[in-house]
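> Kindly generate the corresponding structure for this input.
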Amino acid sequence: MVIGSFIRGGAIGFAIAAPVGPIGILVIRRSLAEGLLAGLVTGLGAAVADAFYGSVGAFGITFISGLLVEHVVWTRLLGGAFLCYLGIGTWLKPHADDVAAVSGARHARAFFTTVLLTLANPLTILSFMAVFAGLGLGTEGGGYRAAGPVVVGVFAGSAAWWLLLSGGVTLIRRRLDLRATRWISRVSGACLLLFGIASLLAALRA
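Coordinates of the predicted model:
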């Protein structure tokens, strides 16, 4: 029962993390510019946020989910503005001066900013709630007992995807020269800026 719930959670976390979006672009960019650890730490921030949203959906915490959806416009505005900031910053400085010199404080900042960015997309909670409702998890009977391993699995599955992505990008990075790496980073910056503008427009339309 526990192992089965964990495996289901892992599959959910992997599937929700895998589609390419602003976080994926950010992981790719940081893996290219700053190395494997920077990309992985960025992805783990998203995995923590996914686990939080997964716990809200799995345990049926309707107060938190309702609050997040109620303030979706403001969170989209903040998230969109921050994505624009990251996109512009990436374009202006597409490559770290010295990968070896990237500090622990910078990794911590990358982690927490990604947590906040992922949480700034509260519509993700709807995906988790829909999936967990389909699995029969929630407030009834054994649902709570099954929910814990599923949430741990969500984190593990999401983290596995980010490890694969950052590791794969790092392997490719070794075959690229500095010029190619900088141009890929600039394209990543442009994509982040476009995601940010799209988020801002969606918030204004709402």
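
> What about A156, how many residues nearby?
Neighbours of A156 under the rule other C-beta atoms under 10 Å: 17. In short, each C-beta sits where N, CA and C put it, glycine included.

> Quick check: nearest residue in space to A160, chain neighbours excluded?
F14 (6.1 Å; C-beta to C-beta, 6 or more residues apart in numbering).

> I meant to write L92 there.
Per C-beta to C-beta, 6+ apart, closest to L92 is G189, 7.9 Å.

> export the strand or helix carrying the residue nearest to A160 as CSV, just CAs?
Using DSSP states H and E, F14 maps to helix 2-17. Taking C-alpha atoms only, helix 2-17 is exported to CSV below (Å, rounded to 0.1, in the frame of the first residue of the first chain):
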residue,chain,number,x,y,z
VAL,A,2,2.7,2.5,1.0
ILE,A,3,5.0,1.5,-1.8
GLY,A,4,2.2,1.7,-4.3
SER,A,5,1.2,5.1,-3.1
PHE,A,6,4.8,6.3,-3.3
ILE,A,7,5.1,5.1,-6.8
ARG,A,8,1.9,6.8,-7.9
GLY,A,9,3.1,10.0,-6.3
GLY,A,10,6.4,9.7,-8.1
ALA,A,11,4.7,9.3,-11.4
ILE,A,12,2.5,12.3,-10.7
GLY,A,13,5.4,14.5,-9.6
PHE,A,14,7.5,13.5,-12.7
ALA,A,15,4.6,14.1,-15.1
ILE,A,16,3.7,17.5,-13.7
ALA,A,17,7.4,18.7,-13.6
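
> Please list the outside residues in contact with it.
23, 43, 46-47, 50-51, 54, 124, 127-128, 131, 135, 146-162 (C-beta atoms under 8 Å, 6 or more residues apart in numbering).

> Kindly recompute the last result at 7 Å.
46, 50, 54, 127, 131, 135, 146, 149-158, 160-162 (C-beta atoms under 7 Å, 6 or more residues apart in numbering).

> returning to what we had before: the residue nearest to L92 and Y85 touch, don't they?
No. Using C-beta atoms under 7 Å, G189 is not in contact with Y85; the gap is 10.7 Å.

> With neighbour numbers in mind, choose between the two.
G189 (22 against 13).

> picking up where we left off before, and the helix or strand following the helix holding F14, what does it pack against?
As assigned by DSSP H and E, the chain's next helix or strand after helix 2-17 is helix 22-34. Helix 22-34 sits against helix 36-58, helix 72-92, helix 104-119, helix 143-173, helix 178-205, with contacts defined as 3 or more C-beta pairs under 7 Å, 6 or more residues apart in numbering; DSSP states H and E.
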